[in-house]
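1. pasted the sequence and its predicted model underneath.
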Amino acid sequence: MTTSTSTSTGGAGTSGTSAYVSAEVYTEVQQFYARQMNLLEGASADPDAWAHTFTEDAVFESVGEPEAQEGREALRDTVGAGVAHIAAQGLDFRHWFGMVGVEQKPDGVLRTRYYALAMATALGGPLQVKGSLLCHDDLVREDDGRLLVRRRSVAEDGRIR
């Protein structure tokens, strides 16, 4: 893997020395996110498969919420309830991740920073943006090479300063 070392200035990392990833790794991260979020959309939504894109001990932090969710099972249960709620309303729900920055930390963790939009459309209705978020993930590799989310932190625009 080809990387270049630089001093981070608020990109994917928080500060200090990090390495920007190769185009191959960047593409892999983009494909990971596409697969992960497609697991939550449409009639074939699979919250269990989505939860398995996180480590067993994953942490999901949402700025403004009193507690982080910890563990794959808690994530699956929460997201499963959300998917059921959306289906009961008859909505098409989509996620879009953009402006994805990826840096590799010295310990091999891939630190990402991206914007996310959550959008819903009722049958015959207009698109509604349900959320605009700034997100940070720590992605780690399993022994088989697969990427998993170890930590996700999301902050909704306009909610917390």
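-> All right, it came through fine.
2. strands of this protein, start to end?
-> For the chain, strands defined by DSSP state E occupy the ranges 4-7, 17-20, 54-62, 69-70, 91-104, 110-122, 127-141, 147-156.
3. would you turn those into CSV with mean pLDDT, distance to Leu39 and mean neighbour count?
-> Every residue, glycine included, has its C-beta placed from N, CA and C. Supplementary listing: the strands of the chain in CSV, determined by pLDDT from 0 to 100; distance: least, Cβ to Cβ, whole Å; neighbours: other Cβ atoms under 10 Å:
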stretch, mean pLDDT, distance to Leu39, mean neighbour count
strand 4-7, 44, 32, 10
strand 17-20, 73, 28, 18
strand 54-62, 97, 11, 17
strand 69-70, 96, 17, 16
strand 91-104, 95, 10, 17
strand 110-122, 96, 15, 18
strand 127-141, 96, 16, 16
strand 147-156, 97, 12, 18
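4. need these in JSON lines with distance to Tyr33, can you?
-> Below are the strands of the chain laid out as JSON lines (distance: least, Cβ to Cβ, whole Å):
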{"stretch": "strand 4-7", "distance to Tyr33": "22"}
{"stretch": "strand 17-20", "distance to Tyr33": "18"}
{"stretch": "strand 54-62", "distance to Tyr33": "13"}
{"stretch": "strand 69-70", "distance to Tyr33": "19"}
{"stretch": "strand 91-104", "distance to Tyr33": "5"}
{"stretch": "strand 110-122", "distance to Tyr33": "8"}
{"stretch": "strand 127-141", "distance to Tyr33": "9"}
{"stretch": "strand 147-156", "distance to Tyr33": "9"}
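5. out of those, nearest to Gly42?
-> strand 91-104 (7.4 Å; Cβ to Cβ).
6. the closest one pairs with which strands?
-> Partners of strand 91-104 in the sheet, by DSSP bridges, are strand 17-20 (antiparallel), strand 110-122 (antiparallel).
7. need those in a markdown table (columns: distance to Ala43).
-> Converted to a markdown table, the strands paired with strand 91-104 look like this (distance: least, Cβ to Cβ, whole Å):
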| stretch | distance to Ala43 |
| --- | --- |
| strand 17-20 | 39 |
| strand 110-122 | 14 |
